[in-house]
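Visitor: attaching a predicted model along with its sequence, questions to come.
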Amino acid sequence: MSVSRKSLISSLLAGGLLLSLIGASPANANPVIALSINGVAITTASVSTTPASVTVPSDNSVDAIDAVRFSLSNVGTGTTVTVAATNSFIVSSLSTTLNPVRSNSGVTSANYNVGTGTTSEFFAYTRSTGLGTITITNGGSTFTFYIRGTAGPAYTIAYTPNAKPFTSTLVKQSVKITDVFGNAVAGVSPTVTPINLTSTAATSSNADGISEFTLTYPSTAGQAALSVSIPAVDVLGFDPAVKTISTFIDVTDANGEIAKATAAVAAEKAALVAEKAARAADKVAADAAVAAEKAALATATAARATDKIAADSALAAAATARTAEKAASDAALAAEKGARATEKIAADKALADEKAARAADKAAADKALADEKAARAADKAANDKALATLTARVTALTKQVTDLKALYNKLAVRFKQKTIN
């Protein structure tokens with residue numbers, strides 16, 4: 001049977017296409033993600049209320065029980081798996097003797113290039129008992145998983161004693177117990193060792209890591225001591241554990257402290273009374289100073305007014321005198337002209353001489369008058385300047401009185417005293 005060349009080519013192409021469809025995986029297929037902790041499968045971590053629960057790496061080594069293993073399959077060839085963590089960390093492998101992975105080794109974001117394969121793997125751990133998230137993105141799909149840590153063993157104790165308690169008092173005390181990462185540790189009862197005081201046994205720490213006990217201070221004042229401790233072991237790579245807090249306590253007499261407080265209040269009241277008296281005296285002195293300045297200003301004003309009147313009077317008198325002198329000169333000139341009419345040439349000459357003399361006298365008189373006016377004007381300017389200076393001084397003193405009054409009223413309001421207007 002003969003087969004045409006065209007049919008053969010068509011058959012080969014169809015077969016090759018079929019084989020490619022059978023052997024190739026879709027480029028946008030979703031990856032399959034499996035979670036496990038120390039070999040145990042985890043199937044509920046995609047819901048925030050049922051997160052994957054791991055122990056925090058309190059021994060400073062991220063081991064299988066401390067991390068969630070994320071195994072991805074069916075990942076598109078040549079794609080990248082992107083991972084982001086919040087309140088948790090990402091590592092590519094667990095700790096081994098030759099390659100230790102410490103509690104601070106993780107990162108909060110990572111990219112894993114699949115290359116020619118179809119799988120990817122990484123681990124996630126946390127140092128917190130709070131809820132953390134791991135977000136995985138690949139091939140346009142995003143998956144979110146939740147993780148929460150369980151607190152490690154007790155590592156740090158926090159306790160602040162009363163600084164100066166009173167005698168014969170009962171005071172409840174609280175101690176907080178945390179692991180090496182600061183997570184609250186429940187179920188631990190600290191050991192309380194009192195000296196010169198008594199104490200109840202400490203309660204087992206609650207979910208917030210709080211343990212409580214009650215101290216009874218002695219009936220007499222003096223020094224006592226207290227030690228609060230927990231069993232803890234230092235971990236290499238971390239700060240030493242805070243295992244014990246010891247303190248000396250000064251127990252004070254309540255009556256003595258009340259007497260001291262009463263004396264302090266009395267002293268403060270006495271100081272306030274003295275301050276008020278001082279402010280009142282300052283006000284009286286300031287008022288007196290203002291009154292004196294006002295009186296001085298009035299006196300200076302009156303004196304300047306008197307000086308001006310005298311200056312104006314002297315100027316008027318000088319003007320009158322010059323007018324009278326000119327009138328007399330004119331009369332004498334007229335008489336001289338009448339008497340010397342026959343001796344016109346000699347009289348004219350004498351008259352000319354007389355005119356020149358009178359003109360010189362007049363110029364001198366006018367100059368004297370101008371000098372007198374200038375002197376009076378200078379006196380007036382000096383008087384006005386002095387008056388302005390006094391006015392400015394009165395204004396400044398008035399402002400000082402106002403400021404003192406405001407300060408007094410402020411203190412009066414603060415100490416609940418009567419204000420002044």
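Guide: Yep, that arrived.
Visitor: low-scoring pLDDT stretches of the protein, where are they?
Guide: 1-29, 254-257, 259, 347 (pLDDT under 70).
Visitor: okay, now the domains of it?
Guide: 29-150, 156-252, 259-414 (automatic domain parsing).
Visitor: and residue 353, how far from residue 343?
Guide: 14 Å (CB to CB, to the nearest Å). Every C-beta, even on glycine, is put in place using the N, C-alpha and C of the backbone.
Visitor: tell me the phi and psi of residue 392?
Guide: With angles defined as degrees, to the nearest 10, residue 392 sits at phi -60, psi -40.
Visitor: for the protein, give the helix that spans the most residues.
Guide: helix 254-339 (DSSP state H).
Visitor: what packs against that one?
Guide: For helix 254-339, the elements it packs on are helix 344-414, judged by 3 or more CB pairs under 8 Å, 6 or more residues apart in numbering; DSSP states H and E.
Visitor: the helix it packs on to helix 254-339, inter-axis angle?
Guide: 170 degrees (axes from the mean of the first three to the mean of the last three CA atoms, to 10 degrees).
Visitor: what ranges do the strands span in the stretch 101-250 of the chain?
Guide: 109-113, 120-125, 131-138, 141-150, 156-158, 170-178, 191-195, 198-199, 210-216, 222-229, 244-251 (DSSP state E, counting those that start in this stretch).
Visitor: can you say which of these is nearest to residue 278?
Guide: Nearest of the strands of the stretch 101-250 of the chain to residue 278, taken as CB to CB: strand 244-251 at 38.3 Å.
Visitor: list the buried residues for the closest one?
Guide: The neighbour-count check on strand 244-251 (16 or more other CB atoms under 10 Å) flags 245, 249, 251 as buried.
Visitor: swap in stretch 411-420?
Guide: Neighbour-count burial for stretch 411-420 [16+ other CB under 10 Å]: 412, 417.
Visitor: now stretch 35-44
Guide: 35, 36, 37, 42.
Visitor: may I see these organised as a markdown table, with distance to residue 72 added?
Guide: Below are those laid out as a markdown table (distance: CB to CB, whole Å):
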| residue | distance to residue 72 |
| --- | --- |
| 35 | 10 |
| 36 | 13 |
| 37 | 17 |
| 42 | 14 |
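Visitor: what's the farthest-apart pair in the residues you listed?
Guide: Across these (CB to CB), the longest gap, 7.7 Å, separates 35 and 37.
Visitor: need the overlap of contacts for the two.
Guide: 52, 68, 69 (CB atoms under 8 Å, 6 or more residues apart in numbering).
Visitor: burial of the last one, as a residue count?
Guide: Residue neighbour count, defined by other CB atoms under 10 Å, stands at 20 for residue 69.
Visitor: then the one 4 residues further on?
Guide: The burial metric for residue 73, expressed as a neighbour count using other CB under 10 Å, is 13.
Visitor: that one reaches residue 32, doesn't it?
Guide: Yes - using CB atoms under 8 Å, residue 73 is in contact with residue 32, at 4.8 Å.
Visitor: need the domains of the chain in CSV (columns: distance to residue 420).
Guide: Output for these, formatted as CSV (distance: least, CB to CB, whole Å):
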stretch, distance to residue 420
domain 29-150, 62
domain 156-252, 42
domain 259-414, 6
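Visitor: so for residue 421, which of those domains sits nearest?
Guide: domain 259-414 (8.3 Å).
Visitor: pull the distance from the closest one to the chain's centre.
Guide: Mean-position distance between domain 259-414 and its chain equals 57 Å (CA atoms, centre = their mean, to the nearest Å).
Visitor: got a markdown table for the shared contacts of residue 35 and residue 37, with secondary structure and distance to residue 120 too?
Guide: Listed next are the shared contacts of residue 35 and residue 37 as a markdown table, based on DSSP: H, G, I helix; E, B strand; the rest coil; distance: CB to CB, whole Å:
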| residue | secondary structure | distance to residue 120 |
| --- | --- | --- |
| 52 | strand | 18 |
| 68 | strand | 15 |
| 69 | strand | 12 |
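Visitor: would you turn those residues into CSV with distance to residue 226?
Guide: Output for the shared contacts of residue 35 and residue 37, formatted as CSV (distance: CB to CB, whole Å):
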residue, distance to residue 226
52, 42
68, 43
69, 47
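Visitor: wait, which of these is closest to residue 414?
Guide: Nearest to residue 414 among the shared contacts of residue 35 and residue 37, with distances taken as CB to CB, is residue 52, at 61.8 Å.
Visitor: next, count neighbours for that closest one.
Guide: There are 26 residues near residue 52, going by other CB under 10 Å.
Visitor: what's the burial count for the closest residue to it other than its chain neighbours?
Guide: Once flanking residues are discounted, residue 52 sits nearest to residue 45: 4.1 Å by CB to CB, 6 or more residues apart in numbering. Residue 45 is flanked by 23 other residues according to other CB under 10 Å.
Visitor: report the contact partners of residue 45.
Guide: Residue 45 touches 35, 51, 52, 68, 145, 146, 147, counting by CB under 8 Å, 6+ apart.
Visitor: so it versus residue 82, what's the distance?
Guide: Taking CB to CB, one finds residue 45 at 18 Å from residue 82.
Visitor: and the spatially closest residue to residue 197 that is not a sequence neighbour, how many neighbours does it have?
Guide: Excluding its sequence neighbours, the residue lying closest to residue 197 (CB to CB, 6+ apart) is residue 224, at 4.5 Å. For residue 224, the count of nearby residues is 19 (other CB under 10 Å).
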